[in-house]
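> 3D, please:
(one chain, ligands or ions: 2)
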Amino acid sequence: MNLLVTGGVGFIGTNFVKYVMSHRPNWSVTVLDKLTYAGRRENLAEYEGSSRYKFVEGDICDPVIVRAAMAGCDGVVNFAAETHVDRSIDDPASFVRTDVEGVRVLLEEFKLDNSRKIFLQISTDEVYGSVETGRSGEGDPLDPRSPYSASKAGGELLAMSYFTTFGTPVIVTRASNNYGPHQYPEKLIPLFITNAFEGERLPLYGDGGNMRDWLFVTDHCSALVAALEKGTPGRIYNIGDGQELTNKQVTFAILEATGADTSLVRFVEDRLGHDRRYAVNVSRASEELGWKPQTNFESGIALTVDWYRDNSSWWQSIKSGEFRDYYKRMYSTRLENSERIQ
Ligand code: NAD
Ligand code: TDX
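Numbers count the residues shown, from 1 in each chain. Ligands and ions are numbered 1, 2, ... in the order given. Below you'll find the model as predicted:
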């Protein structure tokens, strides 16, 4: 396949392109990325100059750039998005723009060429909303509760409407929380790992009891390749690992793996509208795509901590830039009013 991978130098995009370059030697990749605060071209510097890799800087909302980048591609994997729930509370407009309108621009260009094979829209388990008990199945109603998840729901609904209306070969995947190398340190796991290395406090929202289903990023990537190769257009696939942990349990795993002290943990004011739990049923991906995750949380978190230990210049350069203002805005009052763990 000749893939257009949008958002390809963000966290999951980077891991996906690396996975494809090493596991699918006959495939080529064009990355289209706007290089927002979350995108880093140097993540894929090792492929610059390869005949199988091309990088295009640009916005998925720009039809001219999208046309040029998509030329010659028979598949699209759309990772490009604004992705951080906390930032969506501060600035919903950028989320609606990229996560909904950007998807429309990509779909419009895609449908001009009937020979194109697959449009894979990367969505999230957050579209189901908070799930207090049981596991969400692909047919369950959507109940997105943050501007981020509402925008992602809009993007995937639009994509599926192109399948129904125009016959565009769209597949949607809804993954649970990813972790692993190259994740921007605004998200829970890389924030806490890097804060632990720096002896900074670890700000746990609320009572630390919110639950997420943690999926090692390489397992997500193998599921996406399986969806491209074996998925049925018009289908939605949940992707998750069933490794449910409270944020407090994740925090203690990080303290153990980094050797940092419990005294760094602080309970801080909760996120607005904070979803208590996400959990997905992945039997469809397992049965129809023959996919199974391979990495348990214990080994995944050890690999992740090692990566951040070995790549301190990567995250230190991020933390010394735009991130500083963001961190101050988001956490300084919270940390002033925080409580230590008993
Ligand atoms: P990320 O924030 O690390 O990366 C997003 C990338 O998209 C960046 O490289 C950024 O520069 C690029 N981008 C943003 N706006 C753009 C635009 N208008 N045009 C072109 N490029 C643009 O995000 P991530 O964690 O890698 O997430 C990738 C995708 O996976 C997103 O669609 C997200 O909703 C979805 N997802 C993420 C998770 C997770 O746990 N991280 C879980 C499920 C689904
Ligand atoms: O400082 C923090 N303290 C804290 O307690 C941060 C950043 C997070 N949290 C909590 C909030 C969540 O319960 O940790 C949990 C995970 O938070 P995030 O890493 O921000 O992820 P989440 O909000 O669950 O969303 C992520 O997973 C689904 C990604 O950001 C989304 O892009 C993806 O769709």
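> who does the stretch of helix or strand Ser317 belongs to touch, helix- and strand-wise?
Assigned by DSSP states H and E, Ser317 falls within helix 312-319. Using 3 or more Cβ pairs under 8 Å, 6 or more residues apart in numbering; DSSP states H and E, the elements in contact with helix 312-319 are helix 188-198. The C-beta positions use only the backbone N, C-alpha and C, and glycine is treated the same way.
> give me the residues contacting the following helix or strand past the helix it packs on.
Toward the C-terminus, helix 188-198 is succeeded by strand 202-205 as the next helix or strand (DSSP H and E). For strand 202-205, the surrounding residues in contact (Cβ atoms under 8 Å, 6 or more residues apart in numbering) are 191-192, 195-196, 247-248, 251, 254-255, 264-271, 274, 331, 334-335, 338.
> mark which of those are buried, thanks.
Among the contacts of strand 202-205, those classed as buried by 16 or more other Cβ atoms under 10 Å are 191-192, 195-196, 247-248, 251, 254-255, 264-268, 331, 334-335, 338.
> give the buried residues for stretch 117-130.
Judged by neighbour count (16+ other Cβ under 10 Å), stretch 117-130 contains these buried residues: Ile118, Phe119, Leu120, Gln121, Ile122, Ser123, Thr124, Asp125, Glu126, Val127, Tyr128, Gly129.
> the last one and ligand 1, how far apart?
The gap separating Gly129 from ligand 1 is 14 Å, by Cβ to the nearest ligand atom, to the nearest Å.
> if I look at that residue, how far off is Phe197?
34 Å (Cβ to Cβ, to the nearest Å).
> cool, and Lys328?
According to Cβ to Cβ, Lys328 stands 19 Å off from Phe197.
> go through the buried ones among the contacts of strand 202-205 and flag which are in strands.
Those of these mapping onto strands are Val265, Arg266, Phe267, Val268, per DSSP state E.
> identify the farthest-apart pair in these.
Val265 and Val268 (10.1 Å; Cβ to Cβ).
> what about the residue nearest to Pro233 when sequence neighbours are not counted, how many neighbours?
Of all residues not flanking Pro233 in the chain, Pro169 sits nearest, at 3.8 Å (Cβ to Cβ, 6 or more residues apart in numbering). By other Cβ atoms under 10 Å, 20 other residues sit near Pro169.
> who are the contact partners of Pro169?
Arg116, Lys117, Ile118, Phe119, Phe163, Pro233, Gly234.
> cool, Glu200 as well?
Here Glu200 is in contact with Leu264 (Cβ under 8 Å, 6+ apart).
> so which of the contacts of Pro169 are in strands?
Per DSSP E, these map to strands at Ile118, Phe119.
> which one of the contacts of Pro169 sits closest to ligand 2?
Comparing the contacts of Pro169 against ligand 2 with Cβ to the nearest ligand atom places Phe119 closest, at 19.0 Å.
> where does that closest one land on pLDDT?
Per-residue pLDDT puts Phe119 at 99.
> pretty sure it contacts Phe110?
Yes - Phe119 is in contact with Phe110 according to Cβ atoms under 8 Å; the separation is 5.2 Å.
> which residues are in contact with each of the two?
Joint contacts of Phe119 and Phe110 (Cβ under 8 Å, 6+ apart) are Val76, Thr168.
> to the chain's geometric centre, what's the distance from the strand or helix carrying Leu158?
For Leu158, the enclosing helix or strand under DSSP H and E is helix 147-166. The chain centre lies 17 Å from the centre of helix 147-166; the measure is Cα atoms, centre = their mean, to the nearest Å.
> ok, stretch 157-176 next?
Between the centre of stretch 157-176 and the centre of its chain there are 18 Å (Cα atoms, centre = their mean).
> now the helices for the stretch 1-150 of the chain?
Using DSSP state H, counting those that start in this stretch, the helices of the stretch 1-150 of the chain run over 11-23, 63-70, 85-90, 92-96, 102-110, 147-166.
> tell me what the last one is packed against?
Counting contacts by 3+ Cβ pairs under 8 Å, 6+ apart, helix 147-166 packs against helix 85-90, helix 92-96, helix 102-110, strand 118-124, strand 170-175.
> check the contacts of strand 202-205 one by one and keep those near ligand 2.
Contacts with ligand 2 within the contacts of strand 202-205, counted by Cβ under 6 Å from any ligand atom: Leu191, Asn247, Arg271.
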